[in-house]
Each structure stands twice: as structure tokens, then as C-alpha cells.
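**Student:** sequence first, predicted model second:
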Amino acid sequence: MHGLAARDFNERKAATERLVEVSRTRFPLVVKALFAQIKNSKDPEVRSQSEGAFQGLFDFHVLGKGDANLGVLWHWHINLGDKGEMRARPIVREIEADSIAAKAGLKEGDLVCYVNGKELHRQKGVIALRKILREADPDKEMILTVRNTKFLRSRETSKLGPNRKVTLKVGRSDRTVRSAKKGEFRGWVNSLKAEHDGE
């Protein structure tokens, strides 16, 4: 989120969403990094963005909001197309057992190419998919066309497997989740800070 000005709202929003997804499995490290940025950065914009990121973490971890509740940690799959154009599509990096996505049949290494028969934007795949999930009606079924690949290294994958369809049911939306109680967010951040300072 460094260096993003007010006009870069969409980029800041995407960075916060990514941070929330990473925090599913690395919550202590994310919190530690945010507090370090707030404490050490001389740039007031960076400090402000870091403080604002806690709201995204609170909304997800405490209130249960956001498309990340599907149980997937998305990653970018970057490759070149037949005509040399860059593609950056969403791929399942990690998946939680017994999550909505796991029960639907998504697997680690699944690359999402189409949603309900419509191809995802080839350069904005993860952002486009998040938008679709976020705006979906509660309990609406979506058909994802995926191709599986195995991770070889952090950014390298093997050949893509054949197309397969996965029916994913969006379990809930922000409208079905409770609102924060008065002072709850600030109390939550203060408790995290106390834990962090005590380390």
C-alpha cells in the first residue's frame, strides 16, 4: 500500500483485500507488519493506510464480512498468451478444509478462467473475481470453469490440466452479518496493540 495517493482508491482497496486474505493464515505477521509501519514510517499517508487496514481485518475476522469467507487464499497466475499478451488470472494458493470452496470441489492449484461462461478479465483476474463474489446475491450459485496446475515453486507451475466446472454457492453477503457494537473496533485494535507491545 506504500506510495498510493487518494486518487488510487481502487489500488488501495485491492491491497487491503489481499492483506485480509493473507491474514487468514498469517494473522500475527500481518498485525506485526502493520504496527511496525505505523510506528516507523515518517510518511503520514503510509501510517494512515496502515491504520485503515485494521478496519478490513476487523470486518473480516470479527464481523465475518467479505468474499474471503469462501476459505480461499487467492494468488496471481501470470503467464503469456498465444499472442504474447500477459495474463494474470486467479489461482487457488491455499484452501481451508470444510470451507465453502472446498465443499464445492475447488482444489489448490485451480486456475479460474470463466465465471458463468464469461471469461474473466485477463489482466485483472483476481480483482475481477473478487468483485463478482462481493456483488453476488446471497446463496446464488456460480459455475466456475477451472484448470488445475501444480505449484513447482512460489511463482512457477506445471502444465494446465483440462477444463472442469465447479459449482460454487456464495454462502452469505455483508448484508447478513452483524454490525459492530459501539467502541468494539477501537477496543479490538487496542487489545492487539497491547499483545504486540507485550511481545
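**Tutor:** Great, that's in hand. Since this is a predicted model, take the numbers as computed values, not measurements. Residues are numbered from 1 along each chain as shown.
**Student:** buried stuff in stretch 16-28?
**Tutor:** Under the neighbour-count criterion of 16 or more other CB atoms under 10 Å, stretch 16-28 has T16, E17, R18, L19, V20, E21, V22, S23, R24 buried. To be clear about C-beta, it is placed using only N, CA and C from the backbone, and glycine gets the same treatment.
**Student:** give me phi/psi at E108?
**Tutor:** phi -60, psi 130 (degrees, to the nearest 10).
**Student:** that one reaches S99, doesn't it?
**Tutor:** No. E108 lies out of contact with S99 (CB atoms under 8 Å); the separation is 12.0 Å.
**Student:** just to revisit the earlier point, for the buried residues of stretch 16-28, give me CSV that also has pLDDT.
**Tutor:** Listed next are those as CSV, based on pLDDT from 0 to 100:
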residue, pLDDT
T16, 75
E17, 74
R18, 77
L19, 83
V20, 81
E21, 75
V22, 81
S23, 84
R24, 74
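**Student:** dump the residue contacts of L111.
**Tutor:** H77, R89, P90, I91, V146, R147, N148, T149, L160 (CB atoms under 8 Å, 6 or more residues apart in numbering).
**Student:** how much space separates L152 from E108?
**Tutor:** To E108, L152 is 13 Å away according to CB to CB, to the nearest Å.
**Student:** which of these two has more neighbours?
**Tutor:** Between L152 and E108, counted using other CB atoms under 10 Å, the more crowded position is E108 (17 against 9).
**Student:** the helix or strand hosting A101 packs against which elements?
**Tutor:** If you go by DSSP states H and E, A101 is part of helix 100-104. Other elements packing on helix 100-104 under the criterion 3 or more CB pairs under 8 Å, 6 or more residues apart in numbering; DSSP states H and E are strand 86-95, strand 163-169.
**Student:** helices or strands next to the first one in the packing?
**Tutor:** I take that to be strand 86-95. Looks like strand 86-95 contacts strand 72-80, helix 100-104, strand 110-115, helix 125-135 (3+ CB pairs under 8 Å, 6+ apart).
**Student:** can you give the contact residues for the first one?
**Tutor:** With CB under 8 Å, 6+ apart as the contact definition, strand 72-80 has outside contacts at 21-22, 24-25, 86-96, 99, 101, 106, 111, 125-126, 129-130, 149, 155, 157.
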